[in-house]
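Trainee: next come a sequence and a model predicted from it.
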Amino acid sequence: MRILTGLQPSGGLTLGNYIGAIKQMVKYQDEYESFIFVADLHAITVPQNPEELRRNIKSLIAIYLASGLDKDKNTIFIQSENIYHSNMSWLLECLTPYGELGRMTQFKDKSLKHQNFGAGLLTYPVLMASDILLYDADFVPTGVDQKQHVELARNIAERVNKKYGDIFKLPEPLIPKDGAKICDLQDPTKKMSKSSENPKGVIYLLDTEDVIRKKIMSAVTDSDNEIKYDPDTKPGISNLINIYTSLSGMKVEEVVFKFKDSNYGTFKRIVADLVVETLIPIQKRYQEIINSPELDKILDAGRDKTLEIARRKYLELKDRMGLGR
Ligand code: TYM
């Protein structure tokens, strides 16, 4: 069985990215054949500064390794270094109804945020489908925000298989039970996102200990002062419970029971301790890895291996569609 996921190298990674995607990959790397990549082609669907983008790509690779993804258990690569992702995307774009893409919620949100956006913002989920389908991935670990895109990939695969014969495996999203959507600490009704206007609500993986503690201590909560899990009426405290649950490996009910007599201040401090305990060792390893020549070796190996796999799948569909000689 194979799992695959990608993260965009657009700015600092957040605790949401870690819990929704990276931590899951670490958890499953012993069980599945694992592929993880840097989705740099997805990043350019909105404007990017070239130097910053290049730095962020390298930084993301170092984060993967520092978070515990083992280079021998994962194939790690950069999306744009494998030409078959864009090639496959073109074939699939021609097989995907325009209307279906216009209905994607992420497209609707992002197209409102950016003026004169490029066509890539619309076709973004088809590139994502290509990423997944090229490798016959069984499962795609992601946060809940990417569920619709993985379902689209599955629909595209079904349609193509029906028309051209069995080519693609049908992928399934793998969404963590408790960390599916980590929310903004200042506005807990919104997802924690790199592109948030208020950095106080977002924990970046490379934030200092001091900053992490301050952000958690000033997280917005209600005034009940009762540790209870109810995302609808108590989104702030439920978000902190989710963070604690995801990082501790405990169940929501266990966490609520354990802290039922604590007040919000005490609970926030305990959540902050756990986030710091999780992120500081990652940051230490990150500093050791970021300038290591080992990164290039890992990426070369990932590129060569995935070019072989992706080429075969791409040629199969290209051939069945009657392209070329
Ligand atoms: P991206 O870069 O926006 O996010 C990377 C991963 O982090 C998860 N995530 C969250 N999970 C929980 N709470 C949050 N607040 C939170 N914010 C982000 C996302 O669900 C995602 O799993 N399109 C993808 C990248 C991609 C991809 C792929 C993923 C490209 N091709 C193929 C899987 C398979 C994206 O933009 O993720």
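Mentor: Cool, got the structure. Numbers count the residues shown, from 1 in each chain.

Trainee: next, count neighbours for Cys94.
Mentor: Number of residues near Cys94 (other Cβ atoms under 10 Å) recorded here: 9. Yep, even glycine has a C-beta here, placed from its N, CA and C like the rest.

Trainee: check what pLDDT it gets.
Mentor: pLDDT for Cys94: 98.

Trainee: Ser195 now?
Mentor: For Ser195, the model assigns a pLDDT of 84.

Trainee: contacts only, for Ile237.
Mentor: Listed by Cβ atoms under 8 Å, 6 or more residues apart in numbering, the contact partners of Ile237 are 221-222, 227-229, 264, 267.

Trainee: tell me the two of the residues you listed that are most distant?
Mentor: Tyr229 and Tyr264 (13.8 Å; Cβ to Cβ).

Trainee: which of these two has more neighbours?
Mentor: Set Tyr229 next to Tyr264 and count neighbours by other Cβ under 10 Å: Tyr264 wins out with 20 against 15.

Trainee: isn't that one up against Ser223?
Mentor: No: with contact defined as Cβ atoms under 8 Å, Tyr264 does not reach Ser223; the gap is 9.2 Å.

Trainee: tell me the one among the contacts of Ile237 nearest to Lys251.
Mentor: When the contacts of Ile237 are compared against Lys251 (criterion: Cβ to Cβ), the nearest one is Tyr229, at 10.4 Å.

Trainee: mind listing what that closest one touches?
Mentor: If you count contacts by Cβ under 8 Å, 6+ apart, Tyr229 has them with 237-238, 241, 252-253, 255-256.

Trainee: what do you get if the cut-off is 7 Å, keeping everything else the same?
Mentor: By Cβ atoms under 7 Å, 6 or more residues apart in numbering, the contact set of Tyr229 is 238, 241, 252, 256.

Trainee: cool, and Gly102?
Mentor: By Cβ under 7 Å, 6+ apart, Gly102 lies in contact with Leu122.

Trainee: start at 29 instead
Mentor: From this message on, residue numbering opens at 29, which makes the last subject Gly130.

Trainee: hang on, the earlier thing: nearest to Thr236, of the contacts of Ile265?
Mentor: Nearest to Thr236 among the contacts of Ile265 is Phe295, at 22.0 Å by Cβ to Cβ.

Trainee: in terms of pLDDT, where does the residue in the stretch 129-278 of the chain that the ligand sits nearest to sit?
Mentor: Taking Cβ to the nearest ligand atom, the ligand has its nearest neighbour within the stretch 129-278 of the chain at Gly171, 2.3 Å off. Per-residue pLDDT puts Gly171 at 95.

Trainee: surely Gly207 meets Asn267?
Mentor: No: the criterion here is Cβ atoms under 7 Å, and Gly207 misses it with Asn267 at 10.4 Å.

Trainee: next SSE downstream of the helix or strand of the chain with the lowest mean pLDDT?
Mentor: When the helices and strands of the chain are scored by mean pLDDT, DSSP states H and E, helix 133-141 comes last with a mean of 93. For helix 133-141, the following helix or strand on the C-terminal side (DSSP states H and E) is helix 148-161.

Trainee: please list the outside residues in contact with that following helix.
Mentor: By Cβ under 7 Å, 6+ apart, the surrounding residues in contact with helix 148-161 are 32, 34, 69-70, 72-73, 107, 113, 116-117, 120-121, 124, 129-130, 132, 135, 138-139, 168, 177-178, 180-181, 184-185, 196, 199.

Trainee: tell me the buried residues in it?
Mentor: By neighbour count on 16 or more other Cβ atoms under 10 Å, the buried set for helix 148-161 is 149-161.

Trainee: chain center to that helix, what's the gap?
Mentor: On the basis of Cα atoms, centre = their mean, to the nearest Å, helix 148-161 sits 14 Å off its chain's mean C-alpha point.
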